[in-house]
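Asks: No sequence on hand, only this structure:
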């Protein structure tokens, strides 16, 4: 009980701090070169998305460049998702169940997880309109192993993190290339959606 109260207080305090000092944090990200500190801030900003994480990724990309920025942004998002998974699975499952009721289409994940939990998480990460937070919580409440979730989630986050930082970096160095980047990602997204639908049809036939 004491552990749950302590975690709740810590979670609440961090969320309040980001809400109050969000602008200051973003300004610091634009000018800092302290990579370990930026990674820590990226983790916190991903855990508490008061400021949309694509914006955070864009700022980091503009500050550190596309390669290092992508790595830092990916680490921040990946670690945050793993922490949220552990937070729900090992302490707050009742809270996680209440959160899931807010997502009306979450039942669709159930059949996907029954077919292949690893691919379900991987595809969910590749498709941006599936809420990342809902995927974290749902996976934590499922029977999916910690290792499988960590690997699938980490791999699935790579394309979107690259997009965020490349757009942010190009906005500063080469604004004209932003359209090309978005078009390339759109093609990748279309391929991912096609693969996802093919997998669903194939899985459905197997279950029939």
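Replies: In hand now; what should we look at? Values in this document were obtained by computation on a predicted structure and should not be read as measured data. Numbering: from 1, shown residues only.

Asks: I'd say residue 75 and residue 39 touch.
Replies: Yes. Using Cβ atoms under 8 Å, residue 75 and residue 39 qualify as a contacting pair, with a distance of 5.5 Å. To be clear about C-beta, it is placed using only N, CA and C from the backbone, and glycine gets the same treatment.

Asks: out of these two, which sits in the busier spot?
Replies: Counted by other Cβ atoms under 10 Å, residue 75 and residue 39 do not tie: residue 75 has more neighbours, with 20 against 17.

Asks: From residue 187, how far out is that one?
Replies: Per Cβ to Cβ, to the nearest Å, residue 75 is found 26 Å from residue 187.

Asks: now the helices: where do they sit in the chain?
Replies: Listed in chain order, the helices of the chain (DSSP state H) span 2-31, 35-47, 53-64, 66-89, 93-100, 107-126, 132-141, 146-173, 178-207.

Asks: what angle separates the fourth one from helix 132-141?
Replies: This means helix 66-89. Put simply, helix 66-89 runs at 50 degrees to helix 132-141, going by axes from the mean of the first three to the mean of the last three Cα atoms, to 10 degrees.

Asks: May I see the buried residues of helix 66-89?
Replies: By neighbour count, with 16 or more other Cβ atoms under 10 Å as the criterion, the buried positions of helix 66-89 are 66, 68-82, 84-85, 87-89.

Asks: again with the second one
Replies: Within helix 35-47, the residues that qualify as buried by neighbour count (16+ other Cβ under 10 Å) are 38-39, 41-47.

Asks: Distance to residue 55 added to those residues, as JSON lines?
Replies: JSON lines is the format used below for those (distance: Cβ to Cβ, whole Å):
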{"residue": "38", "distance to residue 55": "15"}
{"residue": "39", "distance to residue 55": "17"}
{"residue": "41", "distance to residue 55": "13"}
{"residue": "42", "distance to residue 55": "12"}
{"residue": "43", "distance to residue 55": "16"}
{"residue": "44", "distance to residue 55": "14"}
{"residue": "45", "distance to residue 55": "9"}
{"residue": "46", "distance to residue 55": "12"}
{"residue": "47", "distance to residue 55": "15"}
